[in-house]
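Sequence and predicted structure are below.
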Amino acid sequence: MSTPSSKCSNFLPFLFSYLNVFLIAPRYDFTNERFHETILTKIQGCCLIFTSLILTAAAIITESVENFFGMLIPSEKILYILTSTTLLALTLTTITKSAFLDVKNWKTLLTNYQYIDKKVATRESHLYYKFVLKQIMFLVAVIYLSYGWSLSLNMPPVKVLLITPFVELYYEYLLITLLTTFVDKIRNGYSHLNASLIKWSHDPKFINEMRSLSQDYRRLGHTIDVFNDLFGYQMILIIFHCGAHAVSSLNFTLNSGRADLTDPFFFNTVCPNFCLFCFAFVNISTVVMSMSATVKESQKFLDLAYTIQDKFKLESREIEAIIKLTNYSQRFYREFSAGGFFKFSKTIIFSIIGQGATYFIITAQFNGSQFSKNCTHKSHNK
């Protein structure tokens, strides 16, 4: 990598200052590279966990919600419980990790992020606009959906917003934004490292840069290890929720579609609910695709190292140096994984799509058979 620049980007500090309100990320001083008020952070964490549990309990005992829940078919009840429970677990896990656990991992991740950020000069002004635009899109969908549910449940939209898992869904969205920011920075680090390897391979001082390149590759691999330790279990919950949300949204849409499509209920609840799923699916697809691209850049560094070996004569100092670089770097080749259970790749996206398509086919066949039985029954009655 090149010499560190004197100015560090400001998007992550800006994002952290916003995430600190929800304790998705700990309070961190980027200037002095230290954490702020750990006792106050723990108190805030306890308050947020208690509030989340209170809102969940309030949703369970609310009479109008109980009545509406009783009207749902069994599949809708199961899917609603699965998605709500997963979101609650994700929220509590995120708050706990930020307030009480993983201080060392947070410190290492942020230190490595700043190291990469100082060496890789990237324009991040567009990130502010993307963040604000996505906030507006998400909030508009949630507010509209809250309004639709308020008509169905006969209660104020604000109360609907509090007793439904929209708050937890917002936690998930903000966490995905944070994950994408970290992964994109790691990918930029690998891309810059690959460019540096190509550049220095044509320079007489190539041997002198071998140590620096190998150390930077090791640091990037270590950053992925810390990322996996810090967010692995949250990623499992996010992937599970995305799959459950896909089936739930499709199930709700198909069941509601059998009713009158001109009914305001369809446009006030089904359409925003489906749009909200599409928004969540695009976000999780973005972070998974970014992970896949990062691993590809990491592998590209090793491929370049092997390719460069052909440029030098055997038993020369250069070939010895590049072989050492290759062997050393191979030990720090890393991939993103979910708590060590599985690795992230593009296949996850297609798995979610396939899951939804399979459910759609089964449901369509079931509804078709039910429709045929009803028609046959009516013809016999005549």
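It's in.

any idea how far the closest residue to T180 other than its chain neighbours lies from D184?
What sits nearest to T180 in space, not counting adjacent residues and going by CB to CB, 6 or more residues apart in numbering, is V287, at 4.7 Å. Heads up, the C-betas are built off the backbone N, CA and C, glycines and all. V287 is 9 Å from D184, where distance means CB to CB, to the nearest Å.

okay, those two: which has more neighbours?
Higher neighbour count among V287 and D184: V287, with 24 against 19, using other CB atoms under 10 Å.

where exactly do the helices run in the protein?
Counting by DSSP state H, the chain has helices at residues 11-22, 38-61, 63-71, 74-99, 103-119, 125-153, 157-163, 166-200, 206-257, 264-265, 271-309, 317-330, 347-381.

Could you export those helices as JSON lines, including mean pLDDT and distance to T31?
Putting the helices of the chain into JSON lines (pLDDT from 0 to 100; distance: least, CB to CB, whole Å) gives the following:
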{"stretch": "helix 11-22", "mean pLDDT": "90", "distance to T31": "9"}
{"stretch": "helix 38-61", "mean pLDDT": "86", "distance to T31": "18"}
{"stretch": "helix 63-71", "mean pLDDT": "71", "distance to T31": "47"}
{"stretch": "helix 74-99", "mean pLDDT": "87", "distance to T31": "20"}
{"stretch": "helix 103-119", "mean pLDDT": "88", "distance to T31": "10"}
{"stretch": "helix 125-153", "mean pLDDT": "83", "distance to T31": "20"}
{"stretch": "helix 157-163", "mean pLDDT": "76", "distance to T31": "36"}
{"stretch": "helix 166-200", "mean pLDDT": "90", "distance to T31": "18"}
{"stretch": "helix 206-257", "mean pLDDT": "84", "distance to T31": "21"}
{"stretch": "helix 264-265", "mean pLDDT": "62", "distance to T31": "52"}
{"stretch": "helix 271-309", "mean pLDDT": "85", "distance to T31": "28"}
{"stretch": "helix 317-330", "mean pLDDT": "81", "distance to T31": "33"}
{"stretch": "helix 347-381", "mean pLDDT": "60", "distance to T31": "37"}
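
out of those, which comes closest to F341?
Between F341 and the helices of the chain, the tightest spacing by CB to CB is seen for helix 206-257, at 6.7 Å.

what's the angle from that closest one to helix 74-99?
150 degrees (axes from the mean of the first three to the mean of the last three CA atoms, to 10 degrees).

Which elements pack onto helix 206-257?
helix 74-99, helix 103-119, helix 166-200, helix 271-309, helix 317-330, helix 347-381 (3 or more CB pairs under 8 Å, 6 or more residues apart in numbering; DSSP states H and E).

Which parts of the longest one count as buried, going by neighbours?
By neighbour count, and taking 16 or more other CB atoms under 10 Å as the criterion, the buried residues in helix 271-309 are 271-277, 279-281, 283-295, 297-298, 301, 304-305, 308.

and the angle for that helix with helix 166-200?
Going by the same axes, to 10 degrees, helix 271-309 makes 20 degrees with helix 166-200.

where's the closest residue to V183 other than its chain neighbours relative to F30, distance?
Spatial nearest neighbour of V183, excluding adjacent residues (CB to CB, 6+ apart): S290 at 4.5 Å. Relative to F30, S290 is positioned 22 Å away (CB to CB).

and among the helices and strands packed on helix 206-257, the most buried is which?
Between those, helix 166-200 has the highest mean count of neighbours, a mean of 21, where neighbours are mean count of other CB atoms under 10 Å.

Give me the packing partners of that helix, helices and strands only.
On a contact count with 3+ CB pairs under 8 Å, 6+ apart, helix 166-200 meets helix 11-22, helix 38-61, helix 74-99, helix 103-119, helix 125-153, helix 206-257, helix 271-309.

so L145 touches V270, yeah?
No: between L145 and V270 there is no contact under CB atoms under 8 Å: 9.7 Å.

what's around F35, how many residues?
15.

Give me the pLDDT value at it.
F35 carries a pLDDT value of 83.

That one: what's it in contact with?
P26, R27, Y28, D29, T41, V103, W106, K107 (CB atoms under 8 Å, 6 or more residues apart in numbering).

ditto for S292
Taking CB under 8 Å, 6+ apart, we find S292 in contact with F344, S345, K346.

Roughly how far does the spatially most central residue of the chain sit from K119?
What sits nearest the mean C-alpha location of the chain, by CA atoms, centre = their mean, is I176, with 3.1 Å. Relative to K119, I176 is positioned 26 Å away (CB to CB).
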